[in-house]
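>>> let me see the structure of the following:
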Amino acid sequence: MSFSKEDGPTSPLKAETTLVTAGRDTKAQKGFVNPPVVHGSTVLYPTAEDLHAHRGEFQYGRRGTPTTKALQEALMALEGPQCAGVGIAPSGLAAITTTLLAVLKAGDHLLVCDNAYRPTRNFCNGLLARYGVETTYFDSQIGTGVGALFRPNTRAVLVEAPGSQSLEMPDIPAIAAVAHAHGALVIDDNTWATPLYHRSLEQGVDISMQAATKYIGGHSDIMFGTISANARAWPQIAEAIHLLGVCAGPDDVFLALRGLRTLSVRLAQHHRSGLEMAQWLAARPEVVNVFAPSPGSHPGHAIWKRDFTGASGLFSIVLQPKPQAAVDALLDTVRLFGMGYSWGGFESLVIPFDCGPYRTATTWAPGGPALRLHIGLENVEDLKSDLARGFAAFNAA
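You can find the predicted model right below:
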């Protein structure tokens, strides 16, 4: 489903106010605060002339409803004036694959940061390769050095800020300047910070994607993706969404809109708790390194401080070298940190990871076993106590 700037203006209000007010029309909603959840496929036309001309605000459920329009208006306002349109998809991965199919064709070349979300790599190495698109992976810390990798057929550069699992921070404006000089589009996976903390379209990015499953939804109960694009890229995105039949269910759209209303207060708490937990973990003897951009010790801190207005609750740590049995003892001991994939909900999570086997342009050798943590909305002291019990089991194993 797609929505463009012609359907409504962006908001001049501050981001926190925009999140509460954008996409709401209480008069059209008969006085109700929230828009209705429209379950619909067929849209009826009043006359044959209207039918022939496809005249009407809505034409078919897959093409949009009042519920999707409300969400897209709110997202456009959040993304800022550079946003020409927003598409929604049934998952974050669907947003990524739709975007890549929209801007690439057989014979094209794609540049992808080596620390991209692993399913993104799988799609590039699988379906895109079978369709005749070649992908080159690059070190996300390369900056303007990415220019050496461009070919005459390079159509796009995909970055992720910060990178998946290892959380390196790329210099997006520098990469974007080089890409645009070569006529290529810049695509950003902006799931970690959301447009609330990182307006990537204002930093040279042409297409900004999110797994709205995470912080937009915020409650671990939906699968959802968004694609926001500037005026240059939006026509390609809108066309691909229509041709591929990409859409999301009405109840998930409503839950995404509901989550958006509280994004600022939730993400602020994730930021505060995440920073405190990262600093506490950095002082633990069991921890070799903490990969979190907001503390000043992170190599990408200066870029984060320049380009972002906040941080989320997701970061990674490296433990002292120990056997897998010790790591498993930690994981089996903690109770507030659930073991599960995804993140961005109200609950804290932990998973072990090793991105070494599938990275090709960089080497992942952190010096010990690695854990990815999502700091939820629980009391921070309770989370520290929970991890302290886990570390005790780690040391005793």
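>>> mind giving me the packing neighbours of the longest helix seen in the chain?
Determined from DSSP state H, the single longest helix within the chain is helix 263-282. The contact analysis (3 or more CB pairs under 8 Å, 6 or more residues apart in numbering; DSSP states H and E) places helix 263-282 against helix 15-21, helix 194-197, strand 287-291, strand 314-319, helix 380-396. (C-beta placed from N, C-alpha, C; glycine too.)
>>> change it to 10 Å
helix 15-21, helix 66-79, helix 194-197, strand 287-291, strand 314-319, strand 370-374, helix 380-396 (3 or more CB pairs under 10 Å, 6 or more residues apart in numbering; DSSP states H and E).
>>> which parts of it are buried?
Within helix 263-282, the residues that count as buried by 16 or more other CB atoms under 10 Å are 263-264, 266-267, 269-271, 273-275, 277-278, 280-281.
>>> repeat for stretch 226-237
Residues Thr226, Ile227, Ser228, Ala229, Asn230, Ala233, Trp234, Gln236, Ile237 are the ones in stretch 226-237 that count as buried (16+ other CB under 10 Å).
>>> can you give me the end-to-end span of it?
11 Å (CA to CA, to the nearest Å).
>>> wait, a strand at Phe151?
Not quite, residue 151 is Arg, not Phe. No: assigned with DSSP: H, G, I helix; E, B strand; the rest coil, Arg151 falls outside any strand and is coil.
>>> related to what we said a few turns ago, between the helices and strands packed on helix 263-282, which one is closest to Thr154.
helix 66-79 (25.6 Å; CB to CB).
>>> and the host helix or strand of Ala329, what's buried?
Applying DSSP states H and E as the criterion places Ala329 in helix 324-333. Residues Ala326, Val327, Ala329, Leu330, Leu331, Thr333 are the ones in helix 324-333 that count as buried (16+ other CB under 10 Å).
>>> could you check how far the last one is from Thr97?
If you measure Thr333 against Thr97 using CB to CB, to the nearest Å, the figure is 38 Å.
>>> likewise the first one?
For Ala326, the distance to Thr97 equals 38 Å [CB to CB].
>>> those strands in the stretch 1-150 of the chain, which residues are they?
Counting by DSSP state E, counting those that start in this stretch, the stretch 1-150 of the chain has strands at residues 2-4, 85-89, 109-113, 134-138.
>>> low-confidence stretches in the chain?
Applying pLDDT under 70 to the chain flags the ranges 1-11.
>>> what is the neighbour count of Val33?
Other residues near Val33 come to 8 when the count uses other CB atoms under 10 Å.
>>> isn't it right up against Leu257?
No: in this structure, Val33 is not within contact of Leu257 by CB atoms under 10 Å, at 11.5 Å.
>>> so for those two, which residues contact both of them?
Arg24 (CB atoms under 10 Å, 6 or more residues apart in numbering).
>>> ok, Asn34 - contacts?
Taking CB under 10 Å, 6+ apart as the contact definition, Asn34 lies against Gly23, Arg24, Thr26, Thr67, Ala70, Phe254, Leu257, Arg258, Arg261.
>>> buried only: go through these for me.
Buried, going by 16+ other CB under 10 Å: Gly23, Arg24, Thr67, Ala70, Phe254, Leu257, Arg258, Arg261, out of the contacts of Asn34.
>>> name the nearest of those residues relative to Ser220.
Arg258 (13.7 Å).
>>> where's that closest one relative to Asp252, distance?
From Arg258 to Asp252 the distance is 11 Å (CB to CB).
>>> got the buried residues for stretch 100-116?
So for stretch 100-116, counting by 16+ other CB under 10 Å, buried means 100-104, 108-116.
>>> re the thing from before, which of the contacts of Asn34 fall within helices?
Reading helices off the contacts of Asn34 with DSSP H, I get Thr67, Ala70, Phe254, Leu257, Arg258, Arg261.
>>> can you list the contacts of Asn34 in JSON lines and add distance to Lys214?
JSON lines is the format used below for those (distance: CB to CB, whole Å):
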{"residue": "Gly23", "distance to Lys214": "20"}
{"residue": "Arg24", "distance to Lys214": "23"}
{"residue": "Thr26", "distance to Lys214": "29"}
{"residue": "Thr67", "distance to Lys214": "21"}
{"residue": "Ala70", "distance to Lys214": "20"}
{"residue": "Phe254", "distance to Lys214": "17"}
{"residue": "Leu257", "distance to Lys214": "15"}
{"residue": "Arg258", "distance to Lys214": "15"}
{"residue": "Arg261", "distance to Lys214": "16"}
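>>> out of these, which comes closest to Arg389?
Nearest member of these to Arg389, counting by CB to CB, is Arg258, at 34.8 Å.
>>> the closest one contacts Ala212, correct?
No: shown here, Arg258 and Ala212 do not form a contact pair, counting by CB under 10 Å, at 11.9 Å.
>>> quickly list what's touching both of the two.
Residues touching both Arg258 and Ala212 (CB under 10 Å, 6+ apart): Leu71, Gly218, Ile222.
>>> the helix holding Ala329 versus helix 380-396: what angle between them?
If you take axes from the mean of the first three to the mean of the last three CA atoms, to 10 degrees, helix 324-333 sits at 150 degrees to helix 380-396.
>>> contact partners of helix 324-333?
Identification of contacts with helix 324-333 by CB under 10 Å, 6+ apart yields 286, 319-320, 322-323, 337, 339, 350-352, 368-371, 386-397.
>>> now the buried members of these.
Among those, those classed as buried by 16+ other CB under 10 Å are 286, 319-320, 322, 337, 350-351, 368-371, 386-387, 390-391, 393-394, 397.
>>> pick out the residue nearest the middle of the chain.
Thr191 (1.6 Å; CA atoms, centre = their mean).
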